[in-house]
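Chemist: next input, structure requested:
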Amino acid sequence: MKVLWVLLWVGLVAAFGGAAFSAEKPKLNKSQAVLQQLELVQLRITDLESEAGPYDPRLLEPLQALSELYLTAEDFKAVAEIQSRQLQIMRAELGLYHPDNIAMVNSIISNNIRMAEWSEVEDSLEHIRYLEGVNAQGNPESLLLAIEAQASWSIAQIAVGEPRMRARNLLDARESYEDIKDLAQNAFGEDSSAMVPWLYKRAVNLYQIVAALNSDSGLAGDTLARVIQLDGVARLQAYNSRARFAGGSFFDRNPQIPVLDGDGLIGEAYLRDALTELKTITEMLEESGDIEAQAMGHIYYGDFRILVGLGSGRKSYLKANDLLREAGISETRISQFFNVPRSIPAEVFASTLAQAETAINAALVQSPSDKSVYISQFTALEEDLGNVSMPASFTGRWGLKLPPNVIEMTVNVSSRGVVSAPKFVTASSDDKSFRRKALRSVRSLRFRPRFEEGKVVRVRGLKLSYRFEENSN
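Modeler: Take a look at the predicted model:
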């Protein structure tokens, strides 16, 4: 224990230059009132240190006040220094592995995001995962959420991080979701309906990988190289009979690379894995006896059949309609839900129709061309992944800003969810290249088609608000 205290003291001295805390005024433009508050708080800290030493837990409150003042002044570097000291005090008081440290690490993550210190965010998320693992005590939920946060951050970095790291981040997310699946199976059992939301998120991630493999950009090559490095080439063989492999080397490490004719998807096997997860979900929910959840399972299973290219999802949607009626859902609500095509896959698994309706309504925005109409909005995660949506949670959890440029267009959606004939309506930017990119990207979207009277129906002139951030590199 003495060794630990010595190490903590050395760390504190190194961080603060041997002084308890520097009272030097920051070289930023602040109001006189803020400067006066800073001085008062710093004096309080100095008095406490003189009285009780640098590790007294009473220092946490004035340090937090000081951090908030610096945050108001947008001096994020100063905030980071204070947060580091707060964490050291908490560790000295509570121990290195106490769960109360997690909240402090989360605050550190928020500040690192403000400073675009992406690698530090990654390290802190790994720290939280470790702390949650130590403190799990038979309850895996917090640990599952910690690993899911790592996966979510890996996806977020595709939008904000270095372009050369996008493929690595995408496959890192897959590894996290595989860890989640293993942990959840051990905790809940392979047949437990508690597995459903985690299996669904893994399925969505597999869709994201296939979207990257088939993107019309350098991201496809980077993802292909990463997938081959991790999985070999066998998983890239498509089921389409017209698909073939070309001989030769891939970076002198692999004997063949996939070459597809027609509409075959590179990495279709990953989408079929995703469809298998959805099939497992429907089976789990049948065992649970929750009729409405069963209906939602069939809806999402139909969605993934469309994504794989196995028809229109009609049988799955018909089954879902019957189950929703059996669950007591009104015909009006069912019709309204299926009346307008929706982009797929959905971000999360909604176990009730009400949850799915809430998600749909949250995606509605006012039409720029007709202020009296609300239309669906699709925000692409990244320019080269125009058919992968930016999760709604990113603006809340990670503080990512929505792309500024928006284009309104109309599209046709076939009975198989395929987009065609995109037409420009209006845009927030006069940049014609932006319009061309948006109109091209939207063709790769897939929709749950309109379903009425037991049939999937083609829709013409569907209004859509589409936005993405153009790459600066």
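Chemist: the longest helix along the chain - what's its average pLDDT?
Modeler: The longest helix of the chain (DSSP state H) is helix 166-188. For helix 166-188, mean pLDDT rounds to 96.
Chemist: before we move on, what about stretch 449-461?
Modeler: On average, stretch 449-461 scores 96.
Chemist: not counting it itself, show me its contacts.
Modeler: 306, 312-314, 317-318, 321, 335, 338-341, 410-417 (Cβ atoms under 8 Å, 6 or more residues apart in numbering). Where C-beta positions appear, they are placed from N, C-alpha and C, glycine not excepted.
Chemist: mind giving me the PyMOL command for buried ones among these?
Modeler: In PyMOL, this line selects whichever of the contacts of stretch 449-461 come out buried by 16 or more other Cβ atoms under 10 Å:
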select buried, resi 306+312+313+314+317+318+321+338+340+341+410+411+412+413+414+415+416+417
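Chemist: the contacts of stretch 449-461 in helices, which ones?
Modeler: Using DSSP H, the members of these that fall in helices are Ile306, Arg314, Tyr317, Leu318, Asn321, Ser335, Phe338, Asn339.
Chemist: the residue nearest to the second one when sequence neighbours are not counted: what secondary structure?
Modeler: To tie it back to what came earlier, the one meant is Arg314. Once flanking residues are discounted, Arg314 sits nearest to Val456: 5.0 Å by Cβ to Cβ, 6 or more residues apart in numbering. Secondary structure for Val456, judged by DSSP: H, G, I helix; E, B strand; the rest coil, is strand.
Chemist: show me where pLDDT drops low in the stretch 251-400 of the chain?
Modeler: Of all residues in the stretch 251-400 of the chain, those with pLDDT under 70 make up the ranges 251-263.
Chemist: nearest to Ser31, of the ones in helices among the contacts of stretch 449-461?
Modeler: Asn339 (54.0 Å; Cβ to Cβ).
Chemist: and the closest one, what does it touch?
Modeler: Neighbours of Asn339 in contact, by Cβ under 8 Å, 6+ apart: Arg450, Glu452.
Chemist: Glu141 too?
Modeler: So Glu141 contacts nothing (Cβ under 8 Å, 6+ apart).
Chemist: against Ser192, how distant is it?
Modeler: Between Glu141 and Ser192 the computed distance is 13 Å (Cβ to Cβ, to the nearest Å).
Chemist: next: Gly302.
Modeler: 23 Å.
Chemist: more crowded one of these two?
Modeler: Gly302 (28 against 14; other Cβ atoms under 10 Å).
Chemist: wouldn't the more buried one be in contact with Arg448 here?
Modeler: Yes. Shown here, Gly302 and Arg448 form a contact pair, counting by Cβ atoms under 8 Å, at 7.2 Å.
Chemist: list residues touching both of these two?
Modeler: What both Gly302 and Arg448 touch, as defined by Cβ under 8 Å, 6+ apart, is the set Gly313, Tyr317.
Chemist: excluding its backbone neighbours, what's nearest Ser124?
Modeler: Closest to Ser124 by Cβ to Cβ, 6+ apart is Ile109, at 4.8 Å.
Chemist: how about the strand or helix carrying that neighbour: buried residues?
Modeler: In this assignment (DSSP states H and E), Ile109 forms part of helix 101-114. By 16+ other Cβ under 10 Å, the buried positions in helix 101-114 come out as Asn101, Ile102, Met104, Val105, Ser107, Ile108, Ile109, Ser110, Asn111, Asn112, Ile113.
Chemist: do stretch 395-406 as well
Modeler: Under 16+ other Cβ under 10 Å, the buried positions of stretch 395-406 are Arg397, Trp398, Leu400, Pro403, Asn405, Val406.
Chemist: so of those residues, which ones are in strands?
Modeler: Among those, the members falling in strands are Val406 (criterion: DSSP state E).
Chemist: any chance of the buried residues of stretch 395-406 in TSV with distance to Leu63 as columns?
Modeler: Shown next, in TSV, are those (distance: Cβ to Cβ, whole Å):
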residue	distance to Leu63
Arg397	25
Trp398	25
Leu400	28
Pro403	37
Asn405	41
Val406	42
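Chemist: now, the most widely separated pair of the buried residues of stretch 395-406?
Modeler: Greatest spatial distance in the buried residues of stretch 395-406: Arg397 and Asn405, 23.3 Å, computed using Cβ to Cβ.
Chemist: let me know the secondary structure of Thr379.
Modeler: Applying three-state DSSP: Thr379 is strand.
Chemist: list the residues that contact the residue of the chain positioned farthest from its centre.
Modeler: Most distant residue from the mean C-alpha position of the chain: Glu51, 46.9 Å away (Cα atoms, centre = their mean). Taking Cβ under 8 Å, 6+ apart as the contact definition, Glu51 lies against nothing.
Chemist: could you check how far it is from Gly396?
Modeler: 41 Å.
Chemist: follow-up on the earlier one: what does the helix holding Ile109 rub up against?
Modeler: Contacts for helix 101-114 (Cβ under 8 Å, 6+ apart): 71, 76, 79-80, 83-84, 86-87, 90-91, 94, 118, 120-121, 124-125, 127-128, 131-132, 398-399.
Chemist: and whatever helix or strand comes next after it, what does it pack against?
Modeler: Toward the C-terminus, helix 101-114 is succeeded by helix 118-134 as the next helix or strand (DSSP H and E). With contacts defined as 3 or more Cβ pairs under 8 Å, 6 or more residues apart in numbering; DSSP states H and E, helix 118-134 has these neighbours: helix 101-114, helix 141-160.
Chemist: quick one: residues contacting the closest residue to Gln86 other than its chain neighbours.
Modeler: Using Cβ to Cβ, 6+ apart and skipping the chain neighbours, the partner closest in space to Gln86 is Leu63 (5.3 Å). Leu63 makes contacts with Ile45, Ile82, Arg85, Gln86, Ile89, as judged by Cβ under 8 Å, 6+ apart.
Chemist: okay if I get those as JSON lines plus pLDDT, neighbour count and secondary structure?
Modeler: Below are the contacts of Leu63 laid out as JSON lines (pLDDT from 0 to 100; neighbours: other Cβ atoms under 10 Å; DSSP: H, G, I helix; E, B strand; the rest coil):
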{"residue": "Ile45", "pLDDT": "92", "neighbour count": "23", "secondary structure": "helix"}
{"residue": "Ile82", "pLDDT": "97", "neighbour count": "22", "secondary structure": "helix"}
{"residue": "Arg85", "pLDDT": "96", "neighbour count": "24", "secondary structure": "helix"}
{"residue": "Gln86", "pLDDT": "97", "neighbour count": "20", "secondary structure": "helix"}
{"residue": "Ile89", "pLDDT": "97", "neighbour count": "20", "secondary structure": "helix"}
